[in-house]
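A.B. asks: have a look at this prediction, sequence included:
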Amino acid sequence: MSLTLSNLKPAKGSQKKRKKIGRGGKRGTYSGRGMKGQRSRSGGKSGLKAMGMKKTLFRIPKNKGFKSLRPKNEVVNISDLECAFDDGDVVNTSKLLKKGLIQTRKNGLKILGNGELKKKFTVEANRFSATAKKAIIDAGGEVVVVETSKDILKKKLADQKESRKKERAKENTEEKVEEKPKKKTKEKTEKKSKEKVEKKK
């Protein structure tokens with residue numbers, strides 16, 4: 001007999017019949033729930049689970065402070081540069097990545113002044129600490145500040161804001177200049193009306 005969709009049956013012993021409760025016999029009285037209480041009622045067990053979760057949450061200690069979601073700069077110390085590079089080398093993010101001193105180039109690079117520096121380097125990074133900058137220059141090296149795309153964007157936005165402020169200030173001054181002659185015309189009309197009244201008298 002060939003197998004078709006109408007002939008399909010589950011394998012023997014793979015499926016088990018559900019036990020019927022509350023219809024007489026061994027489990028006919030309280031259906032395995034016992035007498036009274038929260039667990040004998042419908043929905044009683046799910047409520048207890050939620051309470052259990054609450055208790056576990058109370059047990060966990062609260063960690064003070066918070067972790068910022070903003071990506072932080074990759075950090076490299078002067079001592080690492082001294083060990084990894086030769087005298088007169090150009091240090092940048094791509095070379096640091098190859099040597100395994102940083103993990104990504106996306107978040108930018110900051111050089112810190114931990115350790116001593118005796119070799120000459122031209123270091124290209126987004127940020128430098130004051131001590132690192134001084135140490136590199138004192139060793140006869142060069143410091144090159146590379147701007148990230150975010151920094152460039154920030155500068156552009158700042159320039160746009162300043163230009164808008166200047167335009168608004170110009171518009172306000174022009175409006176004030178235009179308003180002044182109107183006041184004179186009002187004064188003239190008032191004088192004329194007074195003169196007419198006096199003539200009539």
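C.D. replies: Yep, it's here.
A.B. asks: domains in the protein, by residue range?
C.D. replies: The record assigns the chain these domain ranges, following automatic domain parsing: 74-146, 148-183.
A.B. asks: helices and strands of the protein: which one bottoms out on pLDDT?
C.D. replies: Least confident helix or strand, the chain: helix 44-59 with a mean of 71, by mean pLDDT, DSSP states H and E.
A.B. asks: between the domains of the chain, which gets the lowest average pLDDT?
C.D. replies: When those are ranked by mean pLDDT, domain 148-183 comes last with a mean of 79.
A.B. asks: Glu190: which element?
C.D. replies: helix 149-200 (DSSP states H and E).
A.B. asks: residues contacting Gln103?
C.D. replies: Residues in contact with Gln103, defined by C-beta atoms under 8 Å, 6 or more residues apart in numbering, are 74, 97. Where you see a C-beta, it was placed from the backbone N, CA and C, and this is true even at glycine.
A.B. asks: follow-up on the earlier one: highest average neighbour count across the domains of the chain?
C.D. replies: The highest average neighbour count among the domains of the chain, using mean count of other C-beta atoms under 10 Å, belongs to domain 74-146 at a mean of 16.
A.B. asks: distance between the ends of that domain?
C.D. replies: Taking C-alpha to C-alpha, to the nearest Å, domain 74-146 runs 14 Å from one end to the other.
A.B. asks: so which of the domains of the chain gets nearest Pro10?
C.D. replies: domain 74-146 (52.3 Å; C-beta to C-beta).
A.B. asks: beta partners for Val90?
C.D. replies: Thr122 (DSSP bridges).
A.B. asks: doesn't Ala125 make contact with it?
C.D. replies: No - Val90 is beyond contact range of Ala125, at 11.7 Å (criterion: C-beta atoms under 8 Å).
A.B. asks: state the helix or strand in which Lys133 lies.
C.D. replies: Secondary structure from DSSP H and E places Lys133 in helix 130-138.
A.B. asks: oops, could you answer that again for Leu97 instead?
C.D. replies: Going by DSSP H and E, Leu97 is part of helix 93-99.
A.B. asks: ok, and what's touching that helix?
C.D. replies: 74, 76, 84-85, 89, 102-105, 109, 124-125.
A.B. asks: in strands, which of those residues appear?
C.D. replies: Of the contacts of helix 93-99, the ones assigned to strands by DSSP state E are 74, 76, 89, 109, 124-125.
A.B. asks: could you identify the most distant pair in these?
C.D. replies: Top of the distance list for the ones in strands among the contacts of helix 93-99 (C-beta to C-beta): Glu74 and Asp89, 18.4 Å.
A.B. asks: how far away is the nearest residue to Phe85 once chain neighbours are set aside from Gly108?
C.D. replies: Of all residues not flanking Phe85 in the chain, Val91 sits nearest, at 5.9 Å (C-beta to C-beta, 6 or more residues apart in numbering). Distance, Val91 to Gly108, by C-beta to C-beta, to the nearest Å: 15 Å.
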